[in-house]
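Engineer: Structure of the sequence below:
(2 chains)
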Amino acid sequence: MKITIGYLYHDLMNLYGDSGNVKALVYHLKEQGAEVEVRTFTVGDPKNFSDCDMLYIGSGTERAMDLTLRDMKKDMDPFTEFIESGKPVLATGNSLELFGKDCIGVFDFDPEHTGRIVKDVHTKCPLTEKDVIGFENHAGHIEGMGDFIIEGEFLGTYIIGPILVRNPELCRYFVHKLIDRKDPAHNYLEEDYTYEQEAYNKTVNAE
Amino acid sequence: MLGVVTGKAIYKLEKALHFGGTTMPGRVVLKFFPKTMKSLRYPENVIMVTGSCGKGSTTKLITEVLERAGMKVCCNRDGANQWEGVATTIMNHTKGDTVQADALVLEVDERYLKLVIRFLRPKYLVINNITRDQPPRQGDYDIVYGEIMKGIAPETHLIVNGDDPILRKFSLSHRGPMTYFGIEKTENSYEWMDDIKDYLYCPKCGHKMDFDYFHYGSVGSYSCPECGFRRENISYAITDVDYANDEITVNGEDKIKVSSHVLFNLYNIIGAYSVCDILGIDRGTTVEALSDDRIMGKIYDEFTVNDRKYTILNCKAENNSTYNLALLYAEADNKGQGRKTIVLGHREISRRYVHFDLSWLYDINFEMLSPEDYVVCTGPNALDFAVRAKLAGIRKENIIVMDDLTGIKQVIEQKTEGNVYGVLNFDYVEPFRKGIRG
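Structural biologist: Here you go, the predicted structure:
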């Protein structure tokens, strides 16, 4: 079983340890015996996502966001088509804004930039039983959004952490989704989230 | 002057009462005697040092050179680098309305520079780096760049690390003189590494830049194929690094002894050398002072206990570059010597705030380690380090988790092999040293 993760603008949108989300996915997919390829797509690259099973994008500085958006706007169709195809997309940190109304406009949310939001997060997540923990450090605010934007298989959140590292349950959610789509009959091998789970418990219990 | 008298009185009172006394005097004077600081008579040579890491060390190096050259220097050695602290330091060196010094050498926090220049504009400003640093407080490096920019007076002579594209970016707007220092390609420079790079895209036009080599992150030799923005005009360059003899050569001539090859240390030295040369200090004096490793002793330490070599590399939590440079150092130092042991840990992530942000751990390139290396994870975030090491491909059997440093020596001796590198936040350096040497 081969799984390909498309990592968007890895050399621009990687400000707050975001690549850790990809590392966590790769590790736990390999644990299931999958062959994993991380294919990067950045400025100037053709955006051919046909082999990708998932797309990921992380946080960037304002300048990195501008450069990224400038490139995305050159050909927005591949992004829109991928999201509409129902394959999973994860956007963490301020990158979720790129999909909003004033950017490539896949969704109609419209962030305001009124001052930095810097805080620890401990919140309910519709995709997990346990609460999600993490951190926020960004300048945008989307009225009425809550902590997650979930549209089909698109998950956008300002939460960094990296969120998939600090929340083993959410990481497992994506790993299972990717594997089940590829091989519904997959026989799950042993998963090791020991350190991740202990770290999660320690944080939650310390609060 | 009443302001100075008041400030000094508060300082003395606080000292007598055993308070720290570095912030309050400056705060009172700046608030109640707002014109005082501005109206003092300052020496001609006012040197400030700012940036994300190494400003304290660079300040001390410059001060050492100037003092050996016979100058009386006013320096905030205590590290009080916000504007109140800077004001306190200056007042304590002031008699009447005159600052009693031949030169002011001040470390200034990158966010407070814009406030300090309200009362004192430096003739020279040294900037070694702008890195990812304390993200909850600082945001990101572009924000820090903007904050420093607000603190640069047009006439100030900027002396910056020309190997770093974000620092050369100041040349796009600064009208005053600029001098660049840097390090030429060394045997440890590399062509590519899949690590975090802050500035791969041209600061001027946004096009992706070409790099001949990297020293770390996006620091190295860059050039933009689109607009021509590039590393050039390096007036003060480390042209050779002799790793075996702990010596560097500046501009092919001056040889300086170094206590540590960690790149930030080399940049601090060449930064200090540059400003001293511009000031016209005799080069022999500069070389002699910068070669004195007592100034830098606390940053780096190497010793042998029970046939194991220990190297302590002082890092700064929430600053990925310090860890990356420490790991690069360990890789180079251990080359050809088999497995090594990395010890990670801190007592607290920050003294300034209680946020629990771990994202910076993923901006550190632990992937450069060998899967066979040992990683000893210690302290309150030991589990988080362990997750990081696991995801970096370190074999699970080689990851050791400890709540604190109790018994660290036994654990290292019984469960690990090879040279030991303590890649530690500064608050774990002394406890670790004590744990090993007793």
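Engineer: On the three-state scheme, whichever residue of the stretch 1-150 of chain B sits closest to chain A is what?
Structural biologist: As assessed by C-beta to the nearest C-beta, chain A sits closest to residue B:142 within the stretch 1-150 of chain B, at 4.1 Å. C-beta: built from backbone N, CA, C; applies to glycine. Counting by DSSP: H, G, I helix; E, B strand; the rest coil, the backbone at residue B:142 sits in helix.
Engineer: The one 3 residues further on now?
Structural biologist: The three-state label given to residue B:145 by three-state DSSP is helix.
Engineer: That one reaches residue B:169, doesn't it?
Structural biologist: Yes. Using C-beta atoms under 8 Å, residue B:145 is in contact with residue B:169, at 6.9 Å.
Engineer: related to what we said a few turns ago, number of nearby residues for the residue of the stretch 1-150 of chain B closest to chain A?
Structural biologist: The tally of other residues near residue B:142 (other C-beta atoms under 10 Å in any protein chain shown) stands at 20.
Engineer: where's the nearest residue to residue B:302 once chain neighbours are set aside relative to residue B:268, distance?
Structural biologist: Excluding the flanking residues, the one nearest residue B:302 by C-beta to C-beta, 6 or more residues apart in numbering or on different chains is residue B:311, at 4.9 Å. Using C-beta to C-beta, to the nearest Å, we find residue B:311 at a distance of 18 Å from residue B:268.
Engineer: Repeat that for residue B:182.
Structural biologist: 13 Å.
Engineer: Look at the two and report which has more neighbours.
Structural biologist: residue B:268 (31 against 25).
Engineer: Could you find the residue nearest the spatial middle of chain A?
Structural biologist: Closest to where the C-alpha atoms of chain A average out (C-alpha atoms, centre = their mean) is residue A:90, at 2.7 Å.
Engineer: What distance do you get for that one to chain B?
Structural biologist: Separation of residue A:90 from chain B (C-beta to the nearest C-beta, to the nearest Å) stands at 15 Å.
Engineer: ok, that residue - contacts?
Structural biologist: Taking C-beta atoms under 8 Å, 6 or more residues apart in numbering or on different chains, we find residue A:90 in contact with A:21, A:54, A:55, A:56, A:57, A:155, A:156, A:164, A:174.
Engineer: Check the average confidence over the helix or strand hosting it, would you?
Structural biologist: Here residue A:90, judged by DSSP states H and E, is contained in strand A:89-92. Strand A:89-92 shows a mean pLDDT of 98.
Engineer: what separates that strand from the chain centre, distance-wise?
Structural biologist: Mean C-alpha position of strand A:89-92 versus that of the full chain (C-alpha atoms, centre = their mean, to the nearest Å) differs by 3 Å.
Engineer: next one: stretch A:42-55
Structural biologist: The chain centroid and the centroid of stretch A:42-55 are separated by 15 Å, computed with C-alpha atoms, centre = their mean.
Engineer: can you list the residues that contact stretch A:113-131?
Structural biologist: For stretch A:113-131, using C-beta under 8 Å, 6+ apart, the contacting residues are A:132-141, A:147-148, A:150, A:155, A:158-159, A:167, A:169-170, A:173, A:200, A:204, A:207, B:136, B:139, B:355-357.
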